[in-house]
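In: sharing a sequence plus its predicted fold:
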Amino acid sequence: MSYIHSNDSDAPFNKQFLIVDFTQKEIDNLSDRLRKLKSKLRIETKKLQSMCDHTYVRECLDDSCYREYAYICSKCKHFK
Ligand SMILES: [Zn+2]
């Protein structure tokens with residue numbers, strides 16, 4: 001908060017500064033939350049895949065369906 005101006009005439013600046021500062025903090029918090037959720041998703045997916053009695057289906061790997069196929073479990077999305 002060291003950039004907040006002390007003069008009363010700078011109130012609009014100070015208000016805007018707080019909006020920017022608050023928004024940045026919100027982004028930082030969400031980024032941190034996203035990172036933790038992605039980590040949790042990896043762990044939980046691995047757990048799910050270890051419990052699955054896989055049913056593999058042949059699936060196209062890209063949108064163009066140009067010779068890129070893989071066997072992917074239809075229940076847990078595990079790649080063969
Ligand atoms: Zn599976």
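Out: In hand now; what should we look at?

In: quick one: the strands in this structure?
Out: Secondary structure of the chain by DSSP state E: the strands cover 56-60, 69-73.

In: and the angle for the first one with strand 69-73?
Out: Per axes from the mean of the first three to the mean of the last three Cα atoms, to 10 degrees, the angle that strand 56-60 makes with strand 69-73 is 140 degrees.

In: deepest of the strands of the chain, which one?
Out: strand 69-73 (a mean of 15; mean count of other Cβ atoms under 10 Å). All C-beta spots, glycine's among them, are computed from the backbone N, C-alpha and C.

In: and that strand, how far out from the chain's middle?
Out: Strand 69-73 sits 24 Å away from the centroid of its parent chain (Cα atoms, centre = their mean, to the nearest Å).

In: then stretch 5-14?
Out: 37 Å.

In: quick one: end-to-end distance for it.
Out: Terminal residues of stretch 5-14 lie 6 Å apart, using Cα to Cα, to the nearest Å.

In: neighbours of M51, how many?
Out: 8 (other Cβ atoms under 10 Å).

In: wondering if stretch 58-69 reaches the ion at all.
Out: No - with Cβ under 5 Å from the ion as the criterion, the ion is not reached by stretch 58-69; the gap is at least 12.9 Å.
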